[in-house]
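Q: missing the sequence, but the structure's below:
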Ligand SMILES: Cc1ncc(CN)c(N)n1
């Protein structure tokens with residue numbers, strides 16, 4: 001990508017005819033599946049079992065740590081300082097702001113944030129992380145396409161729930177929905193979409209196809225991440241004969 005096109009892709013709104021708009025249309029069914037998953041339904045109606053919430057928080061903290069490492073890969077692939085500024089600011093958002101939804105969940109479960117942390121990754125969280133890290137060994141476009149469903153699915157669901165249900169502060173997960181559903185957090189998705197659109201414009205057909213596959217796989221992983229928390233997924237061993 002040239003620095004001239006970098007200039008035009010920072011800070012704008014994603015276009016309706018851009019690459020990511022097409023991704024959103026072609027993979028809309030995955031967003032719906034994400035929305036309908038019982039874990040997210042439980043976040044909507046406030047009935048989630050506390051142990052599922054805590055399983056999610058422990059795994060998600062590790063996931064976001066790995067996501068930050070992917071920003072490090074992005075930093076290494078950055079063609080100029082504007083891109084570096086993007087990764088720097090995005091990392092600060094995760095480190096300083098995105099701990100808030102986890103605190104909301106820990107309050108719900110009545111457990112201190114520090115006590116909700118785990119070291120061992122569940123299979124699905126590990127697989128999602130491996131997928132993002134592999135994308136970081138491809139190109140900046142493939143990396144960012146793999147990273148895009150993370151903010152996009154959550155901010156899309158957050159805005160939808162706030163608009164449809166208008167939850168109040170008495171809702172047990174109000175702070176979680178409020179965080180992901182506000183326009184400020186939605187801006188994270190918009191900025192990333194603009195960057196991916198710019199990279200896709202400059203990419204050849206083969207790279208664009210890898211970008212789409214990386215995006216689609218991450219959408220699947222987002223749904224599986226709910227499933228991991230819902231089923232308390234671990235590394236089970238089959239019972240061995242005595
Ligand atoms: C797995 C996952 N995906 C997305 C988000 C929202 N950034 C998150 N916290 N965790």
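A: Perfect, thanks for sending it. No experiment lies behind these values; they were computed from the predicted model shown.
Q: is stretch 32-51 anywhere near the ligand?
A: No. Applying Cβ under 6 Å from any ligand atom, one finds stretch 32-51 out of contact with the ligand, separated by at least 9.6 Å. In this view, the C-beta of every residue, glycine as well, is placed from N, C-alpha and C.
Q: And that stretch, what's buried?
A: 34-35, 37, 39-40, 42-44, 48 (16 or more other Cβ atoms under 10 Å).
Q: so, if you compare those, which one comes nearest to residue 72?
A: The nearest member of the buried residues of stretch 32-51 to residue 72, counting by Cβ to Cβ, is residue 34 at 26.8 Å.
Q: For whatever helix or strand the closest one lives in, give the mean pLDDT please.
A: Taking DSSP states H and E as the criterion, the element that holds residue 34 is helix 28-36. The average pLDDT within helix 28-36 is 98.
Q: Give me the contacts around whatever helix or strand comes next after it.
A: Next helix or strand after helix 28-36 toward the C-terminus (DSSP H and E): helix 38-45. Contacting residues not belonging to helix 38-45 are listed as 34, 48-49, 52, 56, 157, 161, 165, 173, 176-177, 226-227, 229-230 [Cβ atoms under 8 Å, 6 or more residues apart in numbering].
Q: Export the buried residues of stretch 32-51 as a markdown table, with columns for distance to residue 146.
A: Shown next, in a markdown table, are the buried residues of stretch 32-51 (distance: Cβ to Cβ, whole Å):
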| residue | distance to residue 146 |
| --- | --- |
| 34 | 16 |
| 35 | 21 |
| 37 | 20 |
| 39 | 22 |
| 40 | 21 |
| 42 | 27 |
| 43 | 24 |
| 44 | 27 |
| 48 | 28 |
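Q: All the helices of this protein, residue numbers only.
A: Using DSSP state H, the helices assigned to the chain run over residues 3-9, 19-26, 28-36, 38-45, 50-77, 81-92, 100-109, 123-135, 140-147, 149-165, 174-181, 183-202, 205-230.
Q: The last one relative to helix 123-135, how many degrees between them?
A: What that stands for is helix 205-230. Between the axis of helix 205-230 and that of helix 123-135 there is an angle of 160 degrees, by axes from the mean of the first three to the mean of the last three Cα atoms, to 10 degrees.
Q: wait, does helix 205-230 contact the ligand?
A: Yes. Judged by Cβ under 6 Å from any ligand atom, helix 205-230 comes into contact with the ligand through 222, 225.
Q: With respect to the ligand, which of the buried residues of stretch 32-51 is nearest?
A: Nearest to the ligand out of those is residue 34 (Cβ to the nearest ligand atom; 9.6 Å).
Q: Residue 153 versus the closest one, what's the distance?
A: Remark: distance between residue 34 and residue 153 (Cβ to Cβ, to the nearest Å) = 5 Å.
Q: Any chance you could list what contacts the helix holding residue 34?
A: Contacts to helix 28-36, defined as Cβ under 8 Å, 6+ apart, come from residues 24, 40, 153, 156-157, 160, 216, 219-220, 222-223, 226.
Q: In ChimeraX, how would I select the buried members of these?
A: Once 16+ other Cβ under 10 Å is used to decide burial, the buried members of the contacts of helix 28-36 can be selected in ChimeraX as follows:
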select :24,40,153,156,157,216,219,220,222,223,226
